[in-house]
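Participant: Prediction below, plus the sequence it came from.
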Amino acid sequence: MSLVNFFNEFDQLFDEAFARRAGGGSNNQLQHQPGNAPRALRPKIDLHEDKDKNLVTATFELPGINKQDVNIEVRNNVLSISGETKFSSDRDEKGYLVRERRFGHFARSLPLPEGVKPEEIKASMDNGVLTVTFPRQTPEQLPKRISVS
């Protein structure tokens, strides 16, 4: 199974779990639940696999978020990106005709290939785009050619 297919299945599993818990459908929009408690935001992600360079690049869309407000953790071979966008308290509720910007906690997780060490993961952020790279396969997992004698 390719990493992309595995990621899609993993992502769908989380979507279904959150949807069941929230009692609604799953999508990437902020959803309001009974009691006006917002559901966690899910940043959009692009996942690219470069087999020649043995590298996977995950690009997360985090507009308006500073890198200091982003948490990146690895636990049990799962990379988790999380943080919180805060609503500016200097703006009152009066005067808004349309309000589509979303505020609150955000989180996104994706499985890592076996053997990826946290020190092999690199992250950078530029203009609201978080880029995380890690090896597609570790040296121990790469195929080794065995000659026939």
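Facilitator: Received it, and whenever you're ready, just let me know what you need.
Participant: Touching, residue 78 and residue 109? I think so.
Facilitator: Yes - here residue 78 reaches residue 109: they are 5.3 Å apart, a contact under Cβ atoms under 8 Å. Backbone N, C-alpha and C define where each C-beta goes, glycine included.
Participant: of these two, who's got more company?
Facilitator: residue 109 (16 against 12; other Cβ atoms under 10 Å).
Participant: In which helix or strand does that one reside?
Facilitator: strand 104-111 (DSSP states H and E).
Participant: Please name the strands paired to the very next helix or strand once past that strand in the sheet, noting orientation.
Facilitator: The helix or strand immediately downstream of strand 104-111 is strand 122-126, counting by DSSP H and E. Applying DSSP bridges, strand 122-126 is found paired with strand 129-135 (antiparallel).
Participant: What residues sit buried inside the partner strand?
Facilitator: For strand 129-135, burial by neighbour count (16 or more other Cβ atoms under 10 Å) applies to 130, 132-135.
Participant: and if you look at stretch 54-69?
Facilitator: 56-60, 62, 65.
Participant: can I get the residues you listed in CSV with secondary structure?
Facilitator: Shown next, in CSV, are the buried residues of stretch 54-69 (DSSP: H, G, I helix; E, B strand; the rest coil):
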residue, secondary structure
56, strand
57, strand
58, strand
59, strand
60, strand
62, coil
65, coil
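Participant: So residue 63: helix, strand or coil?
Facilitator: Applying three-state DSSP: residue 63 is coil.
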